[in-house]
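Visitor: sequence and predicted structure, then a few things I'm wondering about:
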Amino acid sequence: MLNKKITLAALLSLSALSVGTLLGPFSASAQHQNYPKVNEADRENRSQITDNKHYRVIYTPLPDPIPLNQHFRLKLTVQNAEGKVVENAKLYVDADMPSHNHGMNVKPKVKDLGKGIFEVRGMLFHMPGYWEIYVLVDHAGKKEKATFGVTLKMSPR
Ligand SMILES: [Cu+2]
C-alpha cells in the first residue's frame, strides 16, 4: 500500500514537472491546474472571487505575515456575491509552489466555526518564494474555486 502510494506520488510529480516545464513559472501544478489563475495586479490580494463568481473568499493568516517553516493557521470567510455570509459550505484548502511543482509537506485541517467562518490548521510553507493557496467552496450543489498568491520572504531572524 505504502509502495503504491509512493509510486503514484512519483508519477504525479513527474507529470507535474513536464506540465510546469511547458507552461513556465506560475503555472499551477497538475493537481491544481484547474484552479483560477491569479492576475498579476491582485496576486497577493487576501480577498478573491471564485471562478464562477458566486462566492467571495477572504483569508487572514495567523500569525501575520505567514512565517517561514512554522505552522500557521488561516481564518477564512466565505460570502455570497451580495456580501452575505455563506453557511454550511464545505471547504477544501491546499497550497503549492507552482514554479517549483511541489505542494506542502503537511495536510491542513479545515474546521467550520459557523457563520461562514472557517479555521484552517496545520499549514506550513517550508520554502521562501511564491506560493498559491487553493480554496474549493462546496456549497448548495456548486463547487467553485479561488486562488490566492502569497510571496513568502526569507525569515529576517
Ligand atoms: Cu519550493
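Guide: Cool, got the structure.
Visitor: from residue 127, how far off is the residue in the chain that the ion sits nearest to?
Guide: In the chain, the residue that lies nearest the ion is residue 100 (3.3 Å; CB to the ion). From N, CA and C alone the C-beta is placed, and that goes for glycine too. When distance is defined by CB to CB, to the nearest Å, residue 100 is 7 Å away from residue 127.
Visitor: for residue 56, give me its contacts.
Guide: Residues in contact with residue 56 (CB atoms under 8 Å, 6 or more residues apart in numbering) are 47-50, 78-81, 83.
Visitor: can you lay out those as CSV showing pLDDT, neighbour count and distance to the ion?
Guide: What follows is the contacts of residue 56, written out as CSV (pLDDT from 0 to 100; neighbours: other CB atoms under 10 Å; distance: CB to the ion, whole Å):
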residue, pLDDT, neighbour count, distance to the ion
47, 96, 13, 25
48, 96, 22, 22
49, 95, 15, 27
50, 97, 23, 26
78, 97, 24, 28
79, 97, 16, 32
80, 95, 14, 35
81, 87, 11, 35
83, 93, 7, 35
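Visitor: what about stretch 84-91, start to end distance?
Guide: 17 Å (CA to CA, to the nearest Å).
Visitor: stretch 128-148 close to the ion?
Guide: No. For stretch 128-148, no contact with the ion is found by CB under 5 Å from the ion; the gap never falls below 5.7 Å.
Visitor: show the average pLDDT along that stretch.
Guide: What stretch 128-148 shows for mean pLDDT is 97.
Visitor: starting at the chain centroid, how far to that stretch?
Guide: Mean C-alpha position of stretch 128-148 versus that of the full chain (CA atoms, centre = their mean, to the nearest Å) differs by 6 Å.
Visitor: go on, stretch 87-102?
Guide: 3 Å.
Visitor: how about it: buried residues?
Guide: 89, 91, 93-102 (16 or more other CB atoms under 10 Å).
Visitor: again, but for stretch 50-58
Guide: Residues 50-51, 55-58 are the ones in stretch 50-58 that count as buried (16+ other CB under 10 Å).
Visitor: go ahead and confirm the residue of the chain closest to the ion touches residue 129.
Guide: Yes. Counting by CB atoms under 8 Å, residue 100 touches residue 129, with 7.2 Å between them.
Visitor: done for today, thanks.
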